[in-house]
Every structure is written in structure tokens, then in C-alpha cells.
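# Provided below are the primary sequence and the corresponding predicted coordinates.
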There are 4 protein chains.
Amino acid sequence: MARHTHEDAQKTRKAILDSALRLFSRRGYERTSLSDIAKYAGVTRGAIYWHFDDKRELILELCNRTDCEFLATDQLIAATKPEEDNPLKCLREWMLAHCEEKSIQYFRSSFFLLLCNIFRGMVDDDQLQKRFVELVEARRQIFLDIIKNCVRKGQLPKNVDVQAAAEYLMVFMNGYVSSLRAAFSSGLVNNFSLYVDLTLNQLKGITHELVSVHSSVRV
Amino acid sequence: MARHTHEDAQKTRKAILDSALRLFSRRGYERTSLSDIAKYAGVTRGAIYWHFDDKRELILELCNRTDCEFLATDQLIAATKPEEDNPLKCLREWMLAHCEEKSIQYFRSSFFLLLCNIFRGMVDDDQLQKRFVELVEARRQIFLDIIKNCVRKGQLPKNVDVQAAAEYLMVFMNGYVSSLRAAFSSGLVNNFSLYVDLTLNQLKGITHELVSVHSSVRV
Amino acid sequence: MARHTHEDAQKTRKAILDSALRLFSRRGYERTSLSDIAKYAGVTRGAIYWHFDDKRELILELCNRTDCEFLATDQLIAATKPEEDNPLKCLREWMLAHCEEKSIQYFRSSFFLLLCNIFRGMVDDDQLQKRFVELVEARRQIFLDIIKNCVRKGQLPKNVDVQAAAEYLMVFMNGYVSSLRAAFSSGLVNNFSLYVDLTLNQLKGITHELVSVHSSVRV
Amino acid sequence: MARHTHEDAQKTRKAILDSALRLFSRRGYERTSLSDIAKYAGVTRGAIYWHFDDKRELILELCNRTDCEFLATDQLIAATKPEEDNPLKCLREWMLAHCEEKSIQYFRSSFFLLLCNIFRGMVDDDQLQKRFVELVEARRQIFLDIIKNCVRKGQLPKNVDVQAAAEYLMVFMNGYVSSLRAAFSSGLVNNFSLYVDLTLNQLKGITHELVSVHSSVRV
DNA sequence: GATGAATGAGGATTCATTCAT
DNA sequence: GATGAATGAATCCTCATTCAT
């Protein structure tokens, strides 16, 4: 049955997106058919085509919908500002937020994995990938700006190699998120705050001197 | 037609597997058709069915074929043995091997991603998944055994929390591998040996005391 | 919204028919969707369904709309009347009108082809076909009547076989119209008046005698 | 059931093409689905895709298959040769062949109409159209060469405008074929030989002088 | 061992049509 | 009068799989 008010239509649209999210997450993009999505949403395939141009647009929409949650950048961006007196604390709190129940669920969701896969080329759609690369690059830049701010505020030594430090931070966070998805990560969450502090502490040791010494070792 | 020798048959089999690896890596499992594989290998679809039961068996075989390289466990297992006097050095060298050209290519390949996806359930095949979970769990155990060995040999302090240390190690390695797949990882490879040393050094600080303090903080 | 006046409605109706004509002509009946027509006319699909029962009715209407132009019968019918003293001249002028720019465009239009196709059964709609057969038969009769009139007025010899002459005339006109649609008809238009005169002149030679001789040759 | 010898396969292929011809002819290209064709041929849709790339290739093949019959060019081409002493007779015989039972059936078949439609853009496929335009142009050239040959051999006066004469001939033939498809053409076939002779005779009158006079009349 | 032929289920997409508003 | 939303059947096409040869 057709919905006849604008509100009804929005409900239908949402139902379709929700189904798509659920099913893409569960089975991946390719293995989910529009039939499945329609059935799950309680509409016909035609309804999907009323709201979206094609299957691809569905996932594009889902990406837009989850940008904010995915990045939760507000807190991070604050830490890049000159007016923030304690950027290290901001950073630390943002990191710690990653072991809140909600975040864990998100990172463990297959949808997050799906997004990663898009980025990494399992779902080859140029537009989607470009979008994703932008997001990741943006975050990298934010990390860099925070480290710089910490140096400026005296929370990290002047001789810290900011590029390498930001990189090390990303490795750690990527490692956490990626390990989170593994089966046996009960301890990980419990000890996460310790790992965060160790890692942040480590940053002090990533100095220009060390970096140049190590680089020279490698060809 | 030339008489088919056993050798010829093995060549065909290998060609099929090679094609499958290449194409699965490039486009993912679902998006690669048996036609594609056959064409790429220069055989007919029928030939695939002579050598393999179905598409699924192809990937199963590929997993078997790449186990060794993927884990490169020999070196690691050596580090778990009581007779090894310098387990930390073994571990360090195994870690450093991850930034050799060959390894990087492997980790950046979509096939590796594919394996990860199998493990994480995007490719839903029970047998495959079970296999993969075993592999990962096995490695975790190895890490643990090495850390223990290091403690035993006096390379790490007695009060190190071996579970947490092993976990931290995995987070780091997962983070490295996962970041490697991102677009901008040129710096990462250059600085990797530094990060390895920092991380190994860090392990000393992961003591029972710290772990219990932090755990008690979290609810 | 402005109040809808009857005039507005007629405008919409016209816009729809115009779009339909243009698009049917350009791409044919099957390949033109109601969506296309609606978009081209700047209305919604629903609007089409307000004015017309279905897609079929659109083309039916178009046929009605183009009857007059298609046949341009006034001039021809005049030539059948006893009171017309120069039926041959009427006929000639009507024929020559076929190489006016407007006519040429019409005959070259795919819409004209579409009408032919309806007639010939490529578009299977009984009502449409019946209508079309009537039109063509009507014209045949007019040709016949003109030839008879010419004989009566002494513009053609008494012994002309009127049936055959009318037929020859139709062959010529069909040939002209059909060749017009071919790619290389620039010369055709230039020489058309010559061909018309030659053909009209030829009619004199289509005598009962010749017809019976030739018919007897064929089994 | 799959066919297992090469011969069987050719039978299947032929069955598909035959069905396609029959159904395209009956209902047109767009209105005929591959399902219909498969059902009619007693195979599955998949079988069609084994033998042909897509629907479009089916019609392309059909065109190739009917080229010879359509053009029946052997006889015509003979008439263009210098060594042929009676080109006019050749031409005349070729024309007369158009009222043999077999030819009539072909021209009346909807498949022939379908070919015309392809040419005229109802089925818009660039490759198909290009092919068709070539065929038509080729025939036009043949007509021209024959007329020239007739002049050379003294069968037509020197002052005949060969271009215009060839054109007039095509108009006549097109008119015949096109009228043949009309419903009421019983007389046409009977009188065709007469019309042919009249028309051929007419060619003598299409002189350079007349052509230039008429052209000057028109703007 | 390997091929060529064929199957049949399922996929994305289009589109005429309906109807509450 | 006209719209926006939705339906559902049909269409072209892909692909894993089967099997006689």
C-alpha cells in the first residue's frame, strides 16, 4: 500500500535505509539484494527506486548518515584550537570514549567494517572511495593539529616529531578498533585506558633525533 | 591434442589458484566470477570444476596456501622455546620483517583484506571462519608464550602482566597492518622500526600493578 | 497555487500531446516511457493519467490530431467533383505539395513512420489499425475517383484502366514518401516535379489493352 | 537439457535465430522478450546467452543471415559489367523477380519491415544503422552503374541523366515494395510487369535537359 | 583432464498503472 | 486538476553449476 502523506513517505524512506544498514552490515553489500532490503522494510522493490536512484545511492546515503557518529569530531576539533588550554586532555578523553559501550558496538558492527571495505576497495565505487579517503585524511590532519597544539602548550616537548607522533597515534587507534572486532577482546576494553595513557606518554619519546636515526638505518 | 600428464594437470590447477588469488584480491570474492577466473587462467569453467568442488573450495585452498606466509610462524615459534636465549630479539626481528617490501605488498593486497573479512563474517562460510579463528587464536597464544619466555629469560621484568602485554603487542601489530592499507602510509614504513622499539620498550611498563589500578577505575 | 482554469488544463493537455508526438517520433512508441513524456512536458505522470486513460490513448489522440495534415484531403476531394473542370491540375498540385518543406519534414518524421507501423501491425492495437486501414482505403478511393473524373473531363483517354492507373499513382507516391525517409534524398526533392509530370503523363499509357495483355502473361 | 554435440549446438543456435526472426517479425523488436524467444525455441534464456552476447546481437545476426536474399545482388551486379551485352534485360528480370511468390512473402514479412525500421531509426542501434545505410547506398550505386551501362550499350539515350534515372528507379521499386505491404494489393502484383515496362521505358525521357529545366523552376 | 553446451535461479532496473491527498 | 508515493510485473542479464562427450 502506498503511503500518502509526506510524513508517511519519510517513514518509508527511513525504513528502507534502516533495512539497508542492517542487511549490508550483516551480509555485506554484494550479498544483500534489493529484494532482501525491500522485504525487510516491508515495502516493494519499486518503493526503493522511488526514493533512491539505485543500490549504490543507498550506501552513499548511509555514509552521509553515519559521518558524524563515525568521526565524533567536535571534541577532537576543540583540541586543535589555540584557545584550548589542555588539548592533551581533550585528546585523551576522546580516545577513552572509544571504549564506551556505544562506540564499541559501532566499531564491532559490520557496517563499520563495510565502510572500511569501501575505503579499501572491496566495494569499488569511485565516488564512495573518494569520500572515504577525504574523511580519513581529514582525521589525520586533526591528529596532527592536536599534537602541534600540545607542543605549543608545553604538554609535549618541543623536539617531538609531530608527523611521526600523529602517525603512531593513528596506528594505536587503528589497532584498537581493529582488535576490537576480534573475537577474544574482553580484556582489551578493560585495559584500554591503561593503553591510552601508555601510548600518550610514549609520544614524548618520538623525537626528531630518534626519527632521523631510525630513518637513516633503513635504506 | 597432447597427452595430458599429471604435471600438466598440476600446472592447470596452479594457474586456476593463481588467477583466483589475483582476482579475489583485486575485486573481492563476490564480484569475481568463475568465468573471470577461468578466462584469466586461460582455461574453461569446466576445468575449474574438475579441480575444485565449487567456488568456495577455491578460497579454502587459497587460505591453506597462504597460511605459512601469512603467519611466518617459524621464527615466532622459536621465540617461545625455553632453549631460545634471546626471545625478545626473535620477536623484534619477526616484527621488523613486517616492513619488508614483500610483506607490505601482502598486507596491502585485497586478498589479505578478504581473509580478514572472512574472519569477521562478511563472507559467511562456517568452515572458513572456524579455520580463521583458530589461526588468530593460535597466534595470540604464541605472543603470550613469547612474553612469558622473555620474563623467564629476564628480558622483561617479573611483574609484567603477560596477558596485557601480549594484547598491547597485538593492538600495535594490528594497527600497523591496518594503517598500512590506508592511503598515506609512506611515512609509516620508514618509521616502523622506531615504533617497534618504542612499543617493545613499553611492554616493561605494563605491570600487574598498573593493570589492576586501571581496571578498578573502569566500572 | 493559482486556481486551475479550464484554459490551464487545456494547456497541460496540449503540452502532453506535443511531448508525446515529439518523443514517439524520436524514439518510437515502445521506447518512450510516460515518465519521459511527463518530464518533457513539465508535468507529472499523474497528470497524464488525468487527461488520458493510458499510454495507448495518447497515440490514438495523436492520430486524430494529425489526420487532416496527413491526408490534406480537401484539395484532393475537390478533384473528384464533377464541377471541377481541371481535376488533373488539382491532383498535380496536391502531389507537388509533397515536396514543400513542411510536408517533407512530416514524412521524414518518425511519427509518420510510427503511423505506418501501426497500420502494418508492428504496434498491435486493433482499434488503431482499423482506423488506419480506413484512412488508406479512403485515399485509394479518392485516387480512383479523380482518375475517373479526368477521363470524364477528357484529360485522360477513355481506354485508360482506371484501377491500374490509380494503383500506379499510389506506387509512385508511396515510393516517393518512402524514399524520402532514406538517407540520400536531396536529389529526389529537387527532381520531384519532373517525376510527377512523367508519372502523370505515363497514366495515359495504362490502357485496358495493355493491362489485359500483361495479366495474361502472368499465370 | 543441454545439447552435447557440436551439431546439436548448431541446431539450438538455429532454433533461437528462427524464433527470434519469427517473433521480431510478428511483434517487433521491443515487444519481443528474450523469454518469448527462448520459450518459442524450446530452450532457456541462458541458452540464448550462450550463443549470443545480448538481444542486440540476435538482430545483428539476423541481418547478416538475410543480406543475400534481401539484395539478391548477383543478377544486378552482372548488369553493371561491361561484358554484359544486355544490362537492361538483366535489370528488368531482376525487377520482375520481385513479384515471385517468394519475394512477395519476404517483402510482406514484418521482418523486412523490421529491417526498414532499423534503418529508419525506430530501433536505435548505431552499428545496425550504419550497416543498413551501407547496404542501401550500395544498392543505389548498383542502380547507377546499370543505368550507365545501359547508356554505354546504347539501350538508353546518351542524354539520359543517369543520377535522376537511378533515383526514379528506386522510387518505383520502393513504392512497389511499400505498396505490397498494404492490404489491398491484389491487383498490384498482377500488373507489376506492366508497371516495370512502363517505368523502364520512362527512363529514356529523364534527360539532362528536362532535369535542368525542372530544377531551375524550384528554388 | 578438460571442453562446450545448457540450465535455472536470482539480480538490478524499468515502467505502466493506481490512488489518497 | 494535479501530485507524490507506491506497486508489481516484466525485462535484460549474470553466474554457479551440471553433464555428455
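Yes, it's here.
# how far off centre is the lengthiest helix in chain A?
Identified as the longest helix of chain A according to DSSP state H is helix A:126-152. The chain centre lies 11 Å from the centre of helix A:126-152; the measure is Cα atoms, centre = their mean, to the nearest Å.
# now that helix: buried residues?
Across helix A:126-152, burial judged by 16 or more other Cβ atoms under 10 Å in any protein chain shown covers A:128-129, A:131-132, A:135-136, A:139-140, A:142-151. For every residue, glycine as well, the C-beta is placed using N, CA and C.
# A:Thr32 in helix, strand or coil?
Recorded secondary structure, A:Thr32: coil (DSSP: H, G, I helix; E, B strand; the rest coil).
# what number of residues lie near it?
22 (other Cβ atoms under 10 Å in any protein chain shown).
# distance-wise, check A:Leu76 relative to A:Asn149.
11 Å (Cβ to Cβ, to the nearest Å).
# got it, and A:Ile59?
In terms of Cβ to Cβ, A:Ile59 sits 35 Å off from A:Asn149.
# pretty sure A:Cys99 belongs to a helix, no?
No: counting by three-state DSSP, A:Cys99 falls outside a helix, being coil.
# is it true that it touches A:Leu194?
No: with contacts counted by Cβ atoms under 8 Å, A:Cys99 stays clear of A:Leu194, the gap being 11.0 Å.
# those two: who's more crowded?
A:Leu194 (23 against 20).
# so is the more buried one in a helix, a strand, or just coil?
Assignment for A:Leu194 (three-state DSSP): helix.
# quick one, what contacts it?
B:164, B:206, B:210-211, B:214 (Cβ atoms under 8 Å, 6 or more residues apart in numbering or on different chains).
# just the buried residues of the residues you listed.
B:164, B:206, B:210-211, B:214.
# number of residues surrounding A:Phe52?
Neighbours around A:Phe52, by other Cβ under 10 Å: 19.
# so it is in contact with A:Leu58, correct?
Yes: between A:Phe52 and A:Leu58 there is a contact under Cβ under 8 Å: 5.4 Å.
# name the residues contacting each of those two.
The contact sets of A:Phe52 and A:Leu58 overlap at A:Ile16 (Cβ under 8 Å, 6+ apart).
# what about the helices in chain A?
Under DSSP H, chain A gives helices at A:6-27, A:34-41, A:45-51, A:55-71, A:73-78, A:87-97, A:101-108, A:110-120, A:126-152, A:162-180, A:186-203, A:208-217.
# highest mean neighbour count out of these?
Neighbour counts (mean count of other Cβ atoms under 10 Å in any protein chain shown) averaged over each of those peak at helix A:162-180, with a mean of 23.
# gap between it and the chain center?
12 Å.
# what packs against that helix?
If contacts are counted by 3 or more Cβ pairs under 8 Å, 6 or more residues apart in numbering or on different chains; DSSP states H and E, helix A:162-180 sits against helix A:101-108, helix A:126-152, helix A:186-203, helix B:162-180, helix B:186-203.
# and those as JSON lines, adding mean pLDDT?
Shown next, in JSON lines, are those (pLDDT from 0 to 100):
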{"stretch": "helix A:101-108", "mean pLDDT": "79"}
{"stretch": "helix A:126-152", "mean pLDDT": "82"}
{"stretch": "helix A:186-203", "mean pLDDT": "89"}
{"stretch": "helix B:162-180", "mean pLDDT": "89"}
{"stretch": "helix B:186-203", "mean pLDDT": "90"}
